[in-house]
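1. Build me a model:
(2 chains)
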Amino acid sequence: MTETYLLDTNVILRLILKDNLDQYNQVIKLMEQGESGKVKLYCSTISIFETIFVLTGKIYQSSKLEVIQIIQTVLNLQPINFEEQVTIFEALEIFSSHSLSFPDCYLLAKSKINQYKFFSFDQKAVKIFNKLENLKPRI
Amino acid sequence: MNYKLKLSSQNQITLPVELLNKLEAKSGQYIEIALSGNQFVIRTFRDVLKSLDKLSQGLQIKTKKLQASNPNFDLDNIIDQSLTEFYNSK
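-> Numbering: from 1, shown residues only, chains lettered A, B, ... in the order given. Have a look, this model is predicted:
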């Protein structure tokens, strides 16, 4: 039976930051096993959030553009199955063009993709959502 | 049967699964088809890793500096700190 691994946030960050080469190489090895179908690899949405918080936080202070490009690239690592991949891509798209926090962008993306109405007391988010709702779906 | 193919952006296109199987069989690994200008290009897992490495160079340099200035550098502590920081900002 194929073993399935859920990857922790520090695994995703290690791929980006290369702070520990031994552990980085262990991740690459695991991804190679994932590529050949020997194991299945999953990454949860919360790990993407945590990665974004670390990169945009006080220590790294990365620009929004840099973080968006990095996360978009991470999401394209084929051996890893990312939970809500399409929603995260959409959230990154909203994040790139609006001054909202990433969690707010995620909520808007989730509502838009599922064709939900968005109910919030945050008028700024509601206004942006109404604009997005008028756009034709890209998929 | 068709296969929903994810592009580099959130867009998706639909291609026959036979075509994808042929491409994967030829490359011997998972593939990603990315849109580059007006052309579709095939990117392997290693190509994506290279792109990630290139994009993350600045962050990797910063990490080395952080490690040099703090022998107790711990990524898990940084994750916890960043979460606290985010929730305190709300």
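
2. Go through the helices and strands of chain B and name the one with the lowest mean pLDDT.
-> Every helix and strand in chain B was compared by mean pLDDT, DSSP states H and E; the lowest is strand B:2-6, with a mean of 47.

3. longest helix in the chain, by residue count?
-> Picking chain A for this. The longest helix of chain A (DSSP state H) is helix A:21-35.

4. think we crossed wires, I meant chain B
-> helix B:75-89.

5. now check that helix, is it near chain A?
-> Yes. Using Cβ under 8 Å from any Cβ of the partner chain, helix B:75-89 reaches chain A at B:75-76, B:78-79, B:81-83, B:85-86. All C-beta atoms are positioned from the backbone trio N, CA, C, and that covers glycine.

6. Now flag whichever of those residues is closest to residue A:55.
-> residue B:82 (8.4 Å; Cβ to Cβ).

7. so what's the closest one closest to, chain neighbours aside?
-> residue A:57 (3.9 Å; Cβ to Cβ, 6 or more residues apart in numbering or on different chains).

8. now swap in residue A:71 and tell me
-> In space, residue A:71 is closest to residue A:92, 6.0 Å off (Cβ to Cβ, 6+ apart).

9. what's the answer for residue B:58, then?
-> residue A:66 (7.2 Å).

10. next one: residue A:46
-> residue A:9 (7.6 Å).

11. What residues does the one you found make contact with?
-> Residues near residue A:9 by Cβ atoms under 8 Å, 6 or more residues apart in numbering or on different chains: A:46-47, A:50-51, A:54, B:79.

12. and those residues as JSON lines, adding secondary structure, pLDDT and neighbour count?
-> Below are the contacts of residue A:9 laid out as JSON lines (DSSP: H, G, I helix; E, B strand; the rest coil; pLDDT from 0 to 100; neighbours: other Cβ atoms under 10 Å in any protein chain shown):
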{"residue": "A:46", "secondary structure": "helix", "pLDDT": "96", "neighbour count": "10"}
{"residue": "A:47", "secondary structure": "helix", "pLDDT": "97", "neighbour count": "22"}
{"residue": "A:50", "secondary structure": "helix", "pLDDT": "96", "neighbour count": "21"}
{"residue": "A:51", "secondary structure": "helix", "pLDDT": "97", "neighbour count": "25"}
{"residue": "A:54", "secondary structure": "helix", "pLDDT": "95", "neighbour count": "28"}
{"residue": "B:79", "secondary structure": "helix", "pLDDT": "92", "neighbour count": "20"}
